[in-house]
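Visitor: With the input below, show me the fold.
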Amino acid sequence: QVQLVESGGGLVQAGGSLRLSCAASGRTFSRYGMGWFRQAPGKEREFVAAITRSGGMTYYEDFVKGRFTISRDNAKKMVYLQMNTLKPEDTAVYYCAASGTDWGKGARYDYWGQGTQVTVSS
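Guide: Numbers count the residues shown, from 1 in each chain. Now for the predicted structure:
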């Protein structure tokens, strides 16, 4: 089992950057594929990015490709989402999630954090 706590959200102007962090508890963090999702007001939660257990492979939704970077540090039990060139449409609550069986957009994510708010002003 793993518990996840996100941090690093905030208010930023369009074109700016933020780095989200996700701290995990538990001994087996390296066994989980990790993902970032987001949910904007009035919209369904959507996939943003994912990373394999080792960190060797990543996958991004088209709308963040070239702007966001997902990474992980298994020794520190951390996952990160570096967000550059932010746009107002990136405004959402961002969640990290862990999958014990797979990774990527279609994986089943078993554990979720509480989310961190990102607001991008125009």
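
Visitor: can you map out the strands along the chain?
Guide: For the chain, applying DSSP state E gives strands covering 4-7, 10-13, 18-24, 33-39, 46-51, 58-60, 68-73, 78-83, 92-99, 111-112, 116-121.

Visitor: residues in contact with the first one?
Guide: Translated: strand 4-7. For strand 4-7, contacts defined as Cβ atoms under 8 Å, 6 or more residues apart in numbering pick out 20-25, 94-98, 111-116. Where C-beta positions appear, they are placed from N, C-alpha and C, glycine not excepted.

Visitor: Same check on the shortest one?
Guide: Residues outside strand 111-112 that contact it (Cβ under 8 Å, 6+ apart): 1-4, 32, 95-98.

Visitor: The fifth one now?
Guide: For strand 46-51, contacts defined as Cβ under 8 Å, 6+ apart pick out 33-39, 57-61, 64, 68, 70-72, 79, 81, 94, 103-105, 107.

Visitor: got the buried residues for it?
Guide: Buried positions in strand 46-51, judged by neighbour count with 16 or more other Cβ atoms under 10 Å: 47-51.

Visitor: now it against strand 68-73, angle please.
Guide: For strand 46-51 against strand 68-73, the angle between stretch directions is 40 degrees (axes from the mean of the first three to the mean of the last three Cα atoms, to 10 degrees).

Visitor: Nearest spatial neighbour of the residue nearest the centre of the chain, chain-adjacent residues omitted?
Guide: By Cα atoms, centre = their mean, the chain has its centre lying nearest to W36, at 2.5 Å. Sequence neighbours aside, V48 is the residue nearest to W36 in space, at 4.4 Å (criterion: Cβ to Cβ, 6 or more residues apart in numbering).
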